[in-house]
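Asks: Kindly generate the corresponding structure for this input.
(chains A and B)
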Amino acid sequence: AQSVTQPDIHITVSEGASLELRCNYSYGATPYLFWYVQSPGQGLQLLLKYFSGDTLVQGIKGFEAEFKRSQSSFNLRKPSVHWSDAAEYFCAVGFTSGTYKYIFGTGTRLKVLA
Amino acid sequence: DGGITQSPKYLFRKEGQNVTLSCEQNLNHDAMYWYRQDPGQGLRLIYYSQIVNDFQKGDIAEGYSVSREKKESFPLTVTSAQKNPTAFYLCASSPSGGTFQETQYFGPGTRLLVL
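Replies: Predicted coordinates for the structure are as follows:
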């Protein structure tokens, strides 16, 4: 069965420090992978997505993610975190089951220290 | 500006009451979705629609109903049969729902609380 795991519920980093949020997936075929960000009380915004090709994907707001098939991972990174990056981040995998569906991870809440 | 609007921002439900959450989009998208978000859990799909007058159950449709009479509107009714309705509800849309190449756009959400 398809699944997405985000092992870190909370992460705290200092402003200017680097960031890596972990995401592991379980899916038998080639995965469609996504990272979304959600500010408090708001909807989700797509940061980046991976379908095929270059395994290092660039997104908005200076984020990037690397697909590693051997590790079934799609970790999100940012070299220097800004206070405005404090939010909750969701990894998702897309799959087809009669239609195009998504499974979302449980999210990682990022806190940024000034 | 194009986007998705959800109303109200907060909604209170009494025991045995049906309540309806509004979702409107002016993006000219064919596909629309309803998700439920609970603390510590990812989003779960309630219903989706890829065309007017047609919709499909998602993973947790029990206790919910929808309609899609207009392309731009996809209201969700939380019925009295939904025993644990307290959650954050997100509406989303995408151009056709027929490919992952599309981006799903999300509304700001409605928080439903039970009195």
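
Asks: do the least confident helix or strand in chain A by mean pLDDT and chain B meet?
Replies: Scoring the helices and strands of chain A by mean pLDDT, DSSP states H and E places strand A:100-104 at the bottom, with a mean of 83. Yes - remark: strand A:100-104 sits within contact range of chain B at A:100-104, by Cβ under 8 Å from any Cβ of the partner chain. Glycine gets a C-beta too; all of them are placed from N, C-alpha and C.

Asks: how about these in CSV, adding distance to A:Ile11 and neighbour count?
Replies: What follows is these, written out as CSV (distance: Cβ to Cβ, whole Å; neighbours: other Cβ atoms under 10 Å in any protein chain shown):
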residue, distance to A:Ile11, neighbour count
A:Tyr100, 30, 21
A:Lys101, 28, 19
A:Tyr102, 23, 22
A:Ile103, 21, 21
A:Phe104, 18, 21
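
Asks: and which of those residues is nearest chain B?
Replies: Chain B has its nearest neighbour among the residues of strand A:100-104 next to chain B in A:Phe104, at 3.2 Å by Cβ to the nearest Cβ.

Asks: Just the pLDDT at the spatially closest residue to that closest one that is not a sequence neighbour, thanks.
Replies: Counting by Cβ to Cβ, 6 or more residues apart in numbering or on different chains, A:Phe104 lies nearest to B:Gly42, which is 3.2 Å off, once chain neighbours are set aside. In the predicted model, B:Gly42 carries a pLDDT score of 85.

Asks: list the contacts for B:Gly42?
Replies: Counting by Cβ atoms under 8 Å, 6 or more residues apart in numbering or on different chains, B:Gly42 touches A:4, A:90, A:92, A:103-107.

Asks: does B:Thr99 count as helix, strand or coil?
Replies: B:Thr99 carries the three-state label coil when classified by DSSP: H, G, I helix; E, B strand; the rest coil.

Asks: Any buried residues in the longest strand seen in chain A, and which?
Replies: Identified as the longest strand of chain A according to DSSP state E is strand A:87-96. By neighbour count on 16 or more other Cβ atoms under 10 Å in any protein chain shown, the buried set for strand A:87-96 is A:87-95.

Asks: Could you do stretch B:5-19 as well?
Replies: The neighbour-count check on stretch B:5-19 (16+ other Cβ under 10 Å) flags B:6, B:11, B:13, B:19 as buried.

Asks: pretty sure the third one is touching B:Gln82, no?
Replies: No - with contacts defined as Cβ atoms under 8 Å, B:Arg13 does not count as touching B:Gln82, sitting 9.1 Å away.

Asks: Now do B:Gly63 against B:Pro75, distance only.
Replies: Applying Cβ to Cβ, to the nearest Å, one obtains 15 Å for the distance of B:Gly63 from B:Pro75.

Asks: Just the closest of the contacts of B:Gly42 to chain B, please.
Replies: Taking Cβ to the nearest Cβ as the measure, A:Phe104 is the one of those closest to chain B, at 3.2 Å.

Asks: Fine, thanks again, bye for now.
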